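K.L.:
next input, structure requested:
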Amino acid sequence: MRNLKAEVVRNAAKQKGWDSILQSLCPEIETRAFDKPGRHVRCPVHGKPSRGGDGFRFLNKKIPFAEAGGGVCNTCGLFPDGFALLQWLKRIDFADAVALVGDELGIRSTDDEHAQERINRENKSKLDERRREFEEKERASNLYLRSRLNQIWSETLPLTHTDAEPARLYLASRKILCWDKPGAARVVRFHPRLASYNEDGEFEGEFPGIVAKVTREGVPITLHRYFLTDKGLKAPVESSKKMCSYPTDRLVTGGGIIIGNLDAEVVHVCEGLETAWAIETGMDQEIDVFPTVNATLLESFTPGPNTKMVVIWADKDRSGRGEEAALELKRRLWEKGIKAQIMMPSLPIADGDKSVDWNDVLIQLGRMGFPKRRRAVA
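P.N.:
Just a heads-up that it's a prediction; the model follows:
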């Protein structure tokens, strides 16, 4: 039945548990995602079975996954609750998503709605108790995460340190020349031995790596790690780039790997650190570029009060996600009266690859692949 009261169905779903509901309604989502909410699995919309994971996971911070049912894909975007997730996955509107969940819960008529409202009121205290238990566990987890992040950072060395040769070799292989720019040592450093775990929590080994501090409005949020080998190659792990888990009372949205003045009149942004440093190298280090880590965070970027223009150096993805994020950011900025310009790599996406970025441009074309500065900021 369409036009069910969304709040009645939502509260009933909290009691039943979105994990149970979505597992029944969405067989296309890998069961591993339900076994451990927060684990990355293959995206049910665009992911390929031949690849281990494409960045989809259920949300399980601040609000338990069973209570909200939200998810996120690094390519497709954020879906804050179960209804939004079903709309995306099933390509249906909100009313149909409510009806689909209602049918799963046996709410199919006005009489069913009235009966469910009574049940919801009677079970409210149970839900409140479950939420308190979750919050207690989360407080303990936040204390552990802060301690872990501080320990990792305390063990890092400057990229200029003798022991940081793996990081320098890796950056040289990417033709990046600005890793020792002023201020970089306070934000990007080297760790001699980082422990790596895959999405199933299995230990993959210890590797040297680059560690970058992610901040928001000057407040440290988390660390982004680049796992390498002793010879400066990408480490043989499931994912060589991983963001550390961070406390739930910190918000990564709007943050990034910030080196320099983020509140300049003209600000340049992109997704990854390597891309940012590649652009700076290609532009003869005449500009600072601020990486936001990924496409989802790029589209939510918020400049400082003195910024009048933002130049968005987008990734070119086969899925279109990089350009989509850049366009969304551009739209938001123009609505705020801030000018915005998108710079796309001129290179085509090679067969077998899923994207091309400005680091690829630097490697293949050198500085000739970059616009003159007056064109980039005009």
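K.L.:
which residues touch Leu262?
P.N.:
Taking Cβ atoms under 8 Å, 6 or more residues apart in numbering, we find Leu262 in contact with Phe290, Pro303, Gly304. Bear in mind the C-beta positions are built from the backbone N, C-alpha and C, glycine included.
K.L.:
among those residues, which ones are in strands?
P.N.:
Phe290 (DSSP state E).
K.L.:
is it possible to export the contacts of Leu262 to a markdown table including neighbour count?
P.N.:
Below are the contacts of Leu262 laid out as a markdown table (neighbours: other Cβ atoms under 10 Å):
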| residue | neighbour count |
| --- | --- |
| Phe290 | 21 |
| Pro303 | 21 |
| Gly304 | 12 |
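K.L.:
and the next element down the chain from the host helix or strand of Leu169?
P.N.:
Per DSSP states H and E, Leu169 falls inside helix 165-173. Heading C-terminal from helix 165-173, the first helix or strand you meet, by DSSP H and E, is strand 188-197.
K.L.:
how is the protein partitioned into domains?
P.N.:
6-122, 156-250, 253-378 (automatic domain parsing).
K.L.:
pull the longest helix from the chain.
P.N.:
helix 124-154 (DSSP state H).
K.L.:
next up, the contacts around Gly55.
P.N.:
Taking Cβ under 8 Å, 6+ apart as the test, what Gly55 contacts is His40, Cys43, Cys73, Asn74, Thr75.
K.L.:
so who does the third one touch?
P.N.:
Yep, that's Cys73 we're talking about. Cys43, Val45, His46, Asp54, Gly55, Phe56.
K.L.:
just the ones of the residues you listed in strands?
P.N.:
Phe56.
K.L.:
which one of the contacts of Cys73 is nearest Lys316?
P.N.:
Lys316 lies nearest to His46 out of these, by Cβ to Cβ, at 15.8 Å.
K.L.:
how near is Ala314 to Ser355?
P.N.:
The gap separating Ala314 from Ser355 is 10 Å, by Cβ to Cβ, to the nearest Å.
K.L.:
now the common contact residues for the two.
P.N.:
Jointly contacting Ala314 and Ser355 under the rule Cβ under 8 Å, 6+ apart are Gly322.
K.L.:
so for the longest helix of the chain, mean pLDDT?
P.N.:
For helix 124-154, mean pLDDT rounds to 92.
K.L.:
stretch 249-258 too?
P.N.:
88.
K.L.:
give me the contact list for it.
P.N.:
Applying Cβ under 8 Å, 6+ apart, the set of residues contacting stretch 249-258 is 142, 187-188, 212-217, 219, 221-222, 224, 243, 246, 269, 273, 276, 290-293, 297, 300-302.
K.L.:
can you flag the buried ones in the residues you listed?
P.N.:
Neighbour counting by 16 or more other Cβ atoms under 10 Å classes 142, 187-188, 212-216, 221-222, 224, 243, 246, 269, 273, 276, 290-293, 297, 300-302 among the contacts of stretch 249-258 as buried.
K.L.:
which ones among these are found in helices?
P.N.:
Using DSSP H, the buried ones among the contacts of stretch 249-258 in helices are Asn142, Leu273, Ala276, Leu297.
K.L.:
any chance of these in JSON lines, plus distance to Leu333?
P.N.:
Shown next, in JSON lines, are those (distance: Cβ to Cβ, whole Å):
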{"residue": "Asn142", "distance to Leu333": "33"}
{"residue": "Leu273", "distance to Leu333": "22"}
{"residue": "Ala276", "distance to Leu333": "19"}
{"residue": "Leu297", "distance to Leu333": "15"}
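K.L.:
among the residues you listed, which pair sits farthest apart?
P.N.:
Asn142 and Ala276 (29.4 Å).
K.L.:
contacting residues for the residue nearest to Glu328 when sequence neighbours are not counted?
P.N.:
Nearest non-adjacent residue to Glu328, counting by Cβ to Cβ, 6 or more residues apart in numbering: Glu299, 4.2 Å away. Shown in contact with Glu299 (Cβ under 8 Å, 6+ apart): Glu324, Ala325, Ala326, Glu328, Leu329, Arg332.
K.L.:
reformat the domains of the chain as CSV; add distance to Arg131.
P.N.:
Formatted as CSV, the domains of the chain follow (distance: least, Cβ to Cβ, whole Å):
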stretch, distance to Arg131
domain 6-122, 7
domain 156-250, 13
domain 253-378, 23
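K.L.:
among the ones you listed, which comes closest to Lys137?
P.N.:
Nearest of the domains of the chain (Cβ to Cβ): domain 6-122, 9.6 Å.
K.L.:
how far does that closest one sit from the chain's center?
P.N.:
Distance of domain 6-122 from its chain centroid, counting by Cα atoms, centre = their mean, to the nearest Å, is 20 Å.
K.L.:
now do the same end-to-end measure for it.
P.N.:
18 Å (Cα to Cα, to the nearest Å).
K.L.:
with stretch 230-245 instead?
P.N.:
For stretch 230-245, the end-to-end distance is 25 Å (Cα to Cα).
K.L.:
of the contacts of Leu262, closest to Ile259?
P.N.:
Phe290 (7.6 Å).
K.L.:
wait, what's in contact with the closest one?
P.N.:
So Phe290 contacts Gly256, Ile257, Ile258, Ile259, Gly260, Leu262, Val267, His268, Val269, Cys270, Ala276 (Cβ under 8 Å, 6+ apart).
K.L.:
repeat the analysis, applying 6 Å as the threshold.
P.N.:
The contact partners of Phe290, by Cβ atoms under 6 Å, 6 or more residues apart in numbering, come to Gly256, Ile258, Val269.
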